[in-house]
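>>> sharing a model prediction with you, sequence too.
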Amino acid sequence: MGRDDLYITVPSFFRCPISLDVMKSPVSLCTGVTYDRASIQRWLDDGNNTCPATMQVLPSKDFVPNRTLHRLIQTWSDSVQLQRDGFENDSISNSAAAKDQVVELIQQMDRHSSSSVDSLGKIVRFAEKSEENRKFLAKSDGFLALLVEALGGCNAGDGGHNVRILEQIVRIIHFLMGEIQGCDESMRLMLKKTGAGGGDCLGSLLLVLQQGSAESRFASARVLESIAGSAESKLLIAERDGVLPELLKLTSPEKDSSLIEAGLSCLIAVSVPKRVKVKLVQLGAVKSLSKLLSDSNSTTAIIEKVLKLLETVSSVKEGRAKICEAEKEEGGDCCVSAIVQRLLKVSSSATEHAVTILWSVCYLFKERSAQEAVTKANGLTKILLLMQSNCSPCVRQMSADLLKIFRVNSKSAISYYDTKTTHITPF
């Protein structure tokens, strides 16, 4: 039986109860039943107010991403794809044969100056299989330069076919980044136009961010982060129309946590120049970050990166103004209140970023609305507790500075502090 005739059994709980297709973006209703996002959204948009599977009336039409099921489906899909392309069983067990096949694919790329989706897909799956395979690819002379040339030369105007090619190229480059020593020159080439047809690497990376799968968007964000080394490269990336908005889209709370982290890391990498910080604020970054900060599903790594990015934008007046806005967003806390809530609850790194933001807006620039928000959120008590913890000298000093600011407006609290914690004297 040929590989194309391979019968694949799909687990029943991978199928959407509405479309009966394998779910691409599983989400769960309040009834506990999971559907594909597009299918259930159409059901609700048609005016239905019941759960299609149970016919229960929905007290709420909100749904949440089922990330665990999404990961299971992705793992299963990758396994099926490996079987179809012959990189499991006999061919994958024969390491030498697999390497020979990959070498031939690379040579075909070099000879014909073009690539097929299938050929690149096989190289992607070869790289995914093991660190040894990635090192093998990294040692292939001229392979990274060949990929960079292909990335820059692929004309996006040719339609979806080339988008799929770009996705595979970006994923391969991402796999190789950690294995190649001294590849800075090749990475810098990505910021220069290389395609005879008018294409360029940065434009290709942006196209993948806009139209690629979750895996390729993750890879694109990681590649952008890796080439954002110098001040010039940070500006080139950040000032390319569409890049910052697409990176901000990756940080939406309904996205997978790994995708959110990749987007945040890239934004942190490119946001060093002042005008990039200002542009981020103008694009609504503070509002987006506040939502992540208030989201109970946000991981420790996500919260740390959110606070780091908020600390970065707090160094410009436009960022501080947005952070200090007192209005509530969709019933949630304002940004300062959300920052206070995360004090002492996440990690020492997150706490340090949070204290630095509060110190900047409340002490250094004396923003009155921020001071009021900290007081309202019971921030003074948390700062007192922080000073009694095993915090760093830097955090301790910033906390002492904050207490000085609140001393006049919070006499009763300071009195409690003086009588109950006399072993600490920050003034």
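Cool, the structure landed. Numbering: from 1, shown residues only.
>>> now stretch 127-137: buried residues?
127-129, 133-134, 136-137 (16 or more other C-beta atoms under 10 Å). C-beta coordinates here come from the backbone N, C-alpha and C atoms, glycine included.
>>> okay, among those residues, which ones form the most distant pair?
Using C-beta to C-beta, the pair of the buried residues of stretch 127-137 lying farthest apart is E128 and F136, separated by 12.9 Å.
>>> restricted to helices, list the buried residues of stretch 127-137.
If you go by DSSP state H, these have 127-129, 133-134, 136-137 in helices.
>>> need these in a markdown table with pLDDT, can you?
Putting those into a markdown table (pLDDT from 0 to 100) gives the following:
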| residue | pLDDT |
| --- | --- |
| A127 | 89 |
| E128 | 87 |
| K129 | 85 |
| N133 | 89 |
| R134 | 89 |
| F136 | 89 |
| L137 | 90 |
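>>> of these, closest to D78?
For these, the minimum distance to D78 (C-beta to C-beta) is 7.6 Å, reached by E128.
>>> quick one, what contacts the closest one?
Contact analysis of E128 by C-beta atoms under 8 Å, 6 or more residues apart in numbering lists 78, 175.
>>> return the closest of the buried residues of stretch 127-137 with respect to A214.
E128 (14.8 Å).
>>> the closest one and L307, how far apart?
32 Å (C-beta to C-beta, to the nearest Å).
>>> do A338 as well
Using C-beta to C-beta, we find A338 at a distance of 10 Å from L307.
>>> contacts only, for A350.
Going by C-beta under 8 Å, 6+ apart, A350 touches 300, 303-304, 307, 342.
>>> and the closest residue to it other than its chain neighbours, how many neighbours?
Excluding the flanking residues, the one nearest A350 by C-beta to C-beta, 6 or more residues apart in numbering is E304, at 4.8 Å. Close neighbours of E304, defined as other C-beta atoms under 10 Å, add up to 23.
>>> next: S79.
For S79, the neighbour count with other C-beta under 10 Å is 12.
>>> got it, and K234?
18.
>>> assumed it was part of a helix.
Yes. Assessed by DSSP: H, G, I helix; E, B strand; the rest coil, K234 belongs to a helix.
>>> does it touch P273 like I think?
Yes. If you go by C-beta atoms under 8 Å, K234 and P273 touch, sitting 5.8 Å apart.
>>> returning to that earlier point: let me know the closest of the ones in helices among the buried residues of stretch 127-137 to T50.
E128 (41.7 Å).
>>> which intervals of the stretch 1-150 of the chain have sub-threshold pLDDT?
1-8, 82-95, 112-115 (pLDDT under 70).
>>> what are the ranges of the strands in it?
Secondary structure of the stretch 1-150 of the chain (DSSP state E, counting those that start in this stretch): strands at 26-28, 34-36, 64-65.
>>> output those as JSON lines; include the columns distance to T75 and mean neighbour count.
JSON lines is the format used below for those (distance: least, C-beta to C-beta, whole Å; neighbours: other C-beta atoms under 10 Å):
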{"stretch": "strand 26-28", "distance to T75": "13", "mean neighbour count": "20"}
{"stretch": "strand 34-36", "distance to T75": "17", "mean neighbour count": "23"}
{"stretch": "strand 64-65", "distance to T75": "16", "mean neighbour count": "16"}
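>>> redo these as CSV? Include distance to H174.
Below are the strands of the stretch 1-150 of the chain laid out as CSV (distance: least, C-beta to C-beta, whole Å):
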stretch, distance to H174
strand 26-28, 25
strand 34-36, 27
strand 64-65, 23
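>>> which parts of stretch 393-409 are buried?
Residues 395-396, 398-403, 405-406 are the ones in stretch 393-409 that count as buried (16+ other C-beta under 10 Å).
>>> just give me the least confident of those residues.
Minimum pLDDT for those is recorded at F406 (82).
>>> neighbours of the closest residue to it other than its chain neighbours, how many?
In space, and not counting its chain neighbours, F406 is closest to L380: 5.4 Å by C-beta to C-beta, 6+ apart. Using other C-beta under 10 Å, L380 is surrounded by 22 other residues.
>>> how much space between L380 and V361?
Using C-beta to C-beta, L380 is found at 15 Å from V361.
>>> how about K345?
For K345, the distance to V361 (C-beta to C-beta) stands at 20 Å.
>>> so for these two, which residue has more residues nearby?
Taking neighbours as other C-beta under 10 Å, K345 and V361 compare with V361 leading, 25 against 12.
>>> show me what contacts the more buried one?
By C-beta under 8 Å, 6+ apart, V361 lies in contact with 314, 320, 323-324, 336, 367, 370.
>>> local confidence estimate at it?
On the pLDDT scale, V361 is placed at 93.
>>> roughly how far apart are it and S140?
According to C-beta to C-beta, V361 and S140 sit 51 Å apart.
>>> that older thread, so which of the contacts of A350 wins on neighbours?
Neighbour counts for the contacts of A350 peak at L307, which has 27 neighbours (criterion: other C-beta under 10 Å).
>>> can you confirm that one is in a strand?
No. The assignment for L307, made by three-state DSSP, is helix rather than a strand.
>>> make residue 1 into 17 and carry on from there
Will do, 17 is the new start, and the previous item becomes L323.
>>> circling back: and the residue nearest to A366, what does it touch?
Each residue near E320 by C-beta under 8 Å, 6+ apart is listed here: 362-363, 365-366, 369.
>>> cool, A143 as well?
Counted by C-beta under 8 Å, 6+ apart, A143 has contacts 149-150, 153, 187-188, 191-192.
>>> looking at those residues, spot the one nearest V118.
Closest approach to V118 among those (C-beta to C-beta): L153, at 7.2 Å.
>>> residue contacts, the closest one?
L153 sits in contact with 118, 139, 142-143, 159, 188, 191-192, 195, where contact means C-beta under 8 Å, 6+ apart.
>>> my guess is V80 meets V43, correct?
Yes. Checked against C-beta under 8 Å, the pair V80 and V43 is within contact range at 6.4 Å.
>>> buried set for stretch 32-51?
Those would be 32-34, 38-43, 45, 47, 50-51, for stretch 32-51 by 16+ other C-beta under 10 Å.
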